[in-house]
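Engineer: below are the sequence and a predicted model for it; my questions follow.
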Amino acid sequence: MNRLSFHRGHFALLVTAALFGSTFIFQRHSAAVVSATTFLAWRLPVSAAFLALFLILRRQPAWGHWLRDGIICGVLLYLGMYSQQWGLAHTTAGKSGFITSLYVILVPLLALLGGERLGRTLILATLLAFAGLTCFAAIHSDSAALNWNAGDSATLASAIIWALYVNYYGITVRRSDLLALTTVQISTAALLSLPLTLALEGAGALTDPALLNHSKWDILYTAIASSGIAFFLQGWGQRQVAATPAAIILSTESIFAFLSGWLILGEPATPLMLTGCALLFAAMTVAQLEPPKS
């Protein structure tokens, strides 16, 4: 008989998903007046400084390939963030959510190429997670906007990048100092965000006191909780959990985003959203079922 296996690595990924999901309300508050590039140019440097402080206070030498791997992860991280946000400005929210959710399917496909073996249990869990995410994606769908456009292409690119990131990050955290790796990847993303923002928005956007005052709490929460702490926990969890079940657990971010919007912003809870929650919870549970011993 299969038995449920849920350990600290799974719990760390679940907390990561909760932090990522709760970020929704803070990002939404800032998005009303602040562009995505400007917000990332504030959020990422603050997160990098937060992690660097802990790295300095630790006073221990870093080990492994943290510098090289951190730079690669940071580039993937920023490309995923930016392409997803750019796509959202050119397509509907429903299409964006559906296309982004493809990463849950792409992660196991890439894992297969990397030599990971997938049993029927993980395949079933992946399909359940994808079905759950499509329920959330359909919430704001626009049936009139079915033609493929540049925003959809950018969103598909982000899904591929996220799948590459989850797989590669799962490898790097096993061979590198985790705190150093996380610090370098966030710092790399921050260094990429600053010149892009200056080129697109100008220095005035970064130093506008009205914008900073509007977003100060959003910046602090997203920088510390959902960037610094969350990415560190994700790495710690992925040291102990394979890429496919890790992606399935991380996909529950949609549940926490829904709960945050419902509890804090008073957004409605529809039957479709509750169905998505149930399917994602089922996927997470099924993914932890160990196959029978032979």
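Structural biologist: Now that the structure is in, tell me what you want to look at.

Engineer: which SSE is immediately downstream of the least confident helix or strand in the chain by mean pLDDT?
Structural biologist: Sorting the helices and strands of the chain by mean pLDDT, DSSP states H and E puts strand 3-4 at the bottom, at a mean of 52. With elements assigned by DSSP states H and E, the helix or strand that comes after strand 3-4 is helix 8-31.

Engineer: just the CA trace of stretch 67-83, in CSV.
Structural biologist: Taking Å, rounded to 0.1, in the frame of the first residue of the first chain, the C-alpha atoms of stretch 67-83 are listed here in CSV:
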residue,chain,number,x,y,z
LEU,A,67,29.0,32.2,-7.7
ARG,A,68,28.5,30.6,-11.2
ASP,A,69,25.2,28.9,-10.3
GLY,A,70,23.9,32.0,-8.6
ILE,A,71,24.5,34.1,-11.6
ILE,A,72,22.8,31.6,-13.9
CYS,A,73,19.8,31.3,-11.6
GLY,A,74,19.6,35.1,-11.2
VAL,A,75,19.5,35.6,-15.0
LEU,A,76,16.7,32.9,-15.3
LEU,A,77,14.9,34.5,-12.3
TYR,A,78,14.8,38.0,-13.8
LEU,A,79,14.0,36.8,-17.3
GLY,A,80,11.0,34.8,-15.9
MET,A,81,9.8,37.7,-13.8
TYR,A,82,10.1,40.3,-16.6
SER,A,83,8.7,38.2,-19.4
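
Engineer: what sits up against it?
Structural biologist: If you take CB atoms under 8 Å, 6 or more residues apart in numbering as the criterion, stretch 67-83 is touched by 36-37, 40, 44, 154-155, 157-158, 161-162, 164-165, 168-169, 172, 175-176, 180-189, 191-193, 196. To be clear about C-beta, it is placed using only N, CA and C from the backbone, and glycine gets the same treatment.

Engineer: same question for that stretch, mean pLDDT?
Structural biologist: The average pLDDT for stretch 67-83 rounds to 93.

Engineer: mind listing what's buried in that stretch?
Structural biologist: Across stretch 67-83, burial judged by 16 or more other CB atoms under 10 Å covers 69-83.

Engineer: show me where this protein has helices.
Structural biologist: Residue ranges of the helices in the chain, as given by DSSP state H, are 8-31, 36-58, 66-88, 93-100, 103-113, 120-137, 150-172, 178-200, 203-207, 209-223, 230-238, 243-250, 253-264, 271-287.

Engineer: need the winner for burial among those helices.
Structural biologist: helix 243-250 (a mean of 27; mean count of other CB atoms under 10 Å).

Engineer: next, the angle helix 271-287 makes with that helix.
Structural biologist: If you take axes from the mean of the first three to the mean of the last three CA atoms, to 10 degrees, helix 243-250 sits at 150 degrees to helix 271-287.

Engineer: so what angle separates the directions of helix 243-250 and helix 230-238?
Structural biologist: 140 degrees.

Engineer: and helix 243-250, what does it pack onto?
Structural biologist: If you count contacts as 3 or more CB pairs under 8 Å, 6 or more residues apart in numbering; DSSP states H and E, helix 243-250 packs onto helix 8-31, helix 103-113, helix 120-137, helix 150-172, helix 230-238, helix 271-287.

Engineer: mind putting those in JSON lines, distance to His214 and mean pLDDT included?
Structural biologist: Shown next, in JSON lines, are the helices and strands packed on helix 243-250 (distance: least, CB to CB, whole Å; pLDDT from 0 to 100):
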{"stretch": "helix 8-31", "distance to His214": "7", "mean pLDDT": "86"}
{"stretch": "helix 103-113", "distance to His214": "31", "mean pLDDT": "80"}
{"stretch": "helix 120-137", "distance to His214": "28", "mean pLDDT": "81"}
{"stretch": "helix 150-172", "distance to His214": "26", "mean pLDDT": "88"}
{"stretch": "helix 230-238", "distance to His214": "23", "mean pLDDT": "93"}
{"stretch": "helix 271-287", "distance to His214": "29", "mean pLDDT": "82"}
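
Engineer: got JSON lines for those helices, with distance to Leu265 too?
Structural biologist: Shown next, in JSON lines, are the helices and strands packed on helix 243-250 (distance: least, CB to CB, whole Å):
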{"stretch": "helix 8-31", "distance to Leu265": "6"}
{"stretch": "helix 103-113", "distance to Leu265": "26"}
{"stretch": "helix 120-137", "distance to Leu265": "16"}
{"stretch": "helix 150-172", "distance to Leu265": "24"}
{"stretch": "helix 230-238", "distance to Leu265": "20"}
{"stretch": "helix 271-287", "distance to Leu265": "14"}
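
Engineer: how about the contacts made by Leu233?
Structural biologist: 12-13, 15-16, 19.

Engineer: my guess is Arg43 meets Thr222, correct?
Structural biologist: Yes: at 4.9 Å, Arg43 counts as touching Thr222 under the criterion of CB atoms under 8 Å.
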